[in-house]
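sequence first, then the predicted structure, then my questions.
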Amino acid sequence: MSLNIFNTEDEVLEALSVHFVAVANEAISARGKFSVALSGGNSPKKLYELLASAYHDQIDWEKVYFFFGDERNVPQTDKDSNYLMAKKALFIPLMIDADHVFAVDTSLSPADAAAKYEEEIEAFFDEDEMSFDLILLGLGDNSHTASLFPHTPVLHDRTPGVKDVFLPDQQVYRITLNAPMINEARHIAFLVYGEGKAIAVHHVLEDDEDIEEYPAQLIEPIVGEIQWFLDEAAAAMLKNE
């Protein structure tokens, strides 16, 4: 694991953009394509906008295939859809072909959407292991990542897959890659900034293991590399920077 700590939010986004480009080009050079699972939320939106503008000419985007680490159980036209956010920030500006974007089919029931998405991922990798070149992750202030929320059954999965997750406090469903699938990735990158995330960062990185309370502790790649991209505010409570 590597911690990359920067003074400002802009520096964090620039550094992760450079990392994204490097991993993409490495994958394209080695295997002819780059598979990436995107994160939702406001923080990655800024990353995608930066990639689509300042870094648009540094990757052969025709060889990039996009997936989602998780999705809300809302229509793809809904303002809360991770797909819609990425479409506006990244896919449209870069004119990404539709067959290079694998969105969760939220017109189905949550369980069926999860099962279908797992099948699509399996078909994409075919005979190869389901190992994304890069998975981008965020961190919630309750220490969740993707849609691996505290005290949900998905935290106890042992085999790679996609699951529907019900959040009783919000009375909503989400669809998520589970931790075993995330941990198969060649590269994992957490994007976390702002003082509001400092306690969660400390819990995940420095507290004793408690996956029920701090689900992001589940993210431990099997053979891949994990990088944290933080600003000083998010890293403020770390004792061992």
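Ah, there it is.

and the strands in this protein?
For the chain, strands defined by DSSP state E occupy the ranges 2-6, 34-38, 64-68, 70-72, 134-137, 162-167, 172-177, 187-192, 225-231.

now render those as CSV, adding mean pLDDT and mean neighbour count.
Quick note: C-beta positions are derived from backbone N, CA and C, even for glycine. CSV is the format used below for the strands of the chain (pLDDT from 0 to 100; neighbours: other C-beta atoms under 10 Å):
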stretch, mean pLDDT, mean neighbour count
strand 2-6, 97, 15
strand 34-38, 98, 24
strand 64-68, 98, 21
strand 70-72, 98, 24
strand 134-137, 98, 26
strand 162-167, 98, 21
strand 172-177, 98, 25
strand 187-192, 98, 24
strand 225-231, 98, 21
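
dump those strands to JSON lines, plus distance to Ser81.
Formatted as JSON lines, the strands of the chain follow (distance: least, C-beta to C-beta, whole Å):
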{"stretch": "strand 2-6", "distance to Ser81": "29"}
{"stretch": "strand 34-38", "distance to Ser81": "12"}
{"stretch": "strand 64-68", "distance to Ser81": "10"}
{"stretch": "strand 70-72", "distance to Ser81": "6"}
{"stretch": "strand 134-137", "distance to Ser81": "17"}
{"stretch": "strand 162-167", "distance to Ser81": "16"}
{"stretch": "strand 172-177", "distance to Ser81": "12"}
{"stretch": "strand 187-192", "distance to Ser81": "19"}
{"stretch": "strand 225-231", "distance to Ser81": "24"}
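
out of these, which is closest to Lys46?
Nearest to Lys46 among those is strand 187-192 (9.1 Å), distances taken as C-beta to C-beta.

of all the strands of the chain, which one comes closest to Thr152?
Within the strands of the chain, the stretch nearest Thr152 is strand 162-167; the backing value is 5.3 Å (C-beta to C-beta).

would you give the sheet partners of that closest one, along with the direction of each?
The pairing partners recorded for strand 162-167 under DSSP bridges are strand 172-177 (antiparallel).

what angle sits between the partner strand and strand 64-68?
Orientation check (axes from the mean of the first three to the mean of the last three C-alpha atoms, to 10 degrees): strand 172-177 against strand 64-68 gives 140 degrees.
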